[in-house]
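> Need the 3D shape of this:
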Amino acid sequence: MANQTTGYEIPEEMRDFAEKSVEQARKAMDGFLGAAQKTVDTFEGSATTAQASVKDVTRKTFSYAEQNIAAAFDLAQKMVRAKNVQEAMQYQAEFVRSQIESMQAQMRDLGAVAQAAMKQPSSSKK
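Numbers count the residues shown, from 1 in each chain. Sure, this is the predicted structure:
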């Protein structure tokens, strides 16, 4: 009975399968983000009235989305490699703390960009 207190062990085969699934999902998401970025670049290139601040916000938003998605996939890989529930919970807690800090920094950055854009005179008012 003393051996049963170690917690639930996740079978190696299940972790391997889950890790492969996460990697496939990561590759698919990378492909999607690449295609989306190309679409935005094409749109920005053809839109002569787009202001630099809008382009900057768009690029930052894509960059933040990529960072957040990468962090989620990193968590997923850690979770599938976890040997027990306690280890998985530790990874989850670390992820939440990290993402809160990251999102706060991202919001501050986007707020600064928005404030700078509001201070710039519009070229359409000339």
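> who are the neighbours of the lowest-mean-pLDDT helix or strand in the chain, in terms of helices and strands?
Least confident helix or strand, the chain: helix 12-46 with a mean of 76, by mean pLDDT, DSSP states H and E. Using 3 or more C-beta pairs under 8 Å, 6 or more residues apart in numbering; DSSP states H and E as the contact test, the elements touching helix 12-46 are helix 52-81. Just so you know, the C-beta spots here come from the backbone N, C-alpha and C atoms, and that holds for glycine as well.
> Find the nearest non-adjacent residue to residue 82, please.
In space, and not counting its chain neighbours, residue 82 is closest to residue 88: 3.9 Å by C-beta to C-beta, 6 or more residues apart in numbering.
> pLDDT on the helix or strand hosting the one you found, on average?
According to DSSP states H and E, residue 88 maps onto helix 85-119. Averaging pLDDT along helix 85-119 yields 87.
> buried residues in that helix?
88, 91, 95, 106 (16 or more other C-beta atoms under 10 Å).
> Need the pLDDT of the residue most central in space within the chain.
Central residue of the chain (C-alpha atoms, centre = their mean): residue 68, 1.5 Å from the mean position. As predicted, residue 68 sits at a pLDDT of 91.
> what about it, distance to residue 86?
Counting by C-beta to C-beta, to the nearest Å, the separation of residue 68 from residue 86 is 26 Å.
> Residue 67: neighbouring residues, count only.
13 (other C-beta atoms under 10 Å).
> these two touch, right, it and residue 101?
No. In terms of C-beta atoms under 8 Å, residue 67 does not count as a neighbour of residue 101; the distance is 12.0 Å.
> Please work out how many residues are found near residue 24.
10.
> from now on call the first residue 45
Happy to do that; since the first residue is 45 now, the last one works out to residue 68.
> Now for it: which residues touch it?
Under the criterion of C-beta atoms under 8 Å, 6 or more residues apart in numbering, residue 68 has no neighbours.
> Please apply the same query to the one 5 residues further on.
Under the criterion of C-beta under 8 Å, 6+ apart, the neighbours of residue 73 are 113, 117.
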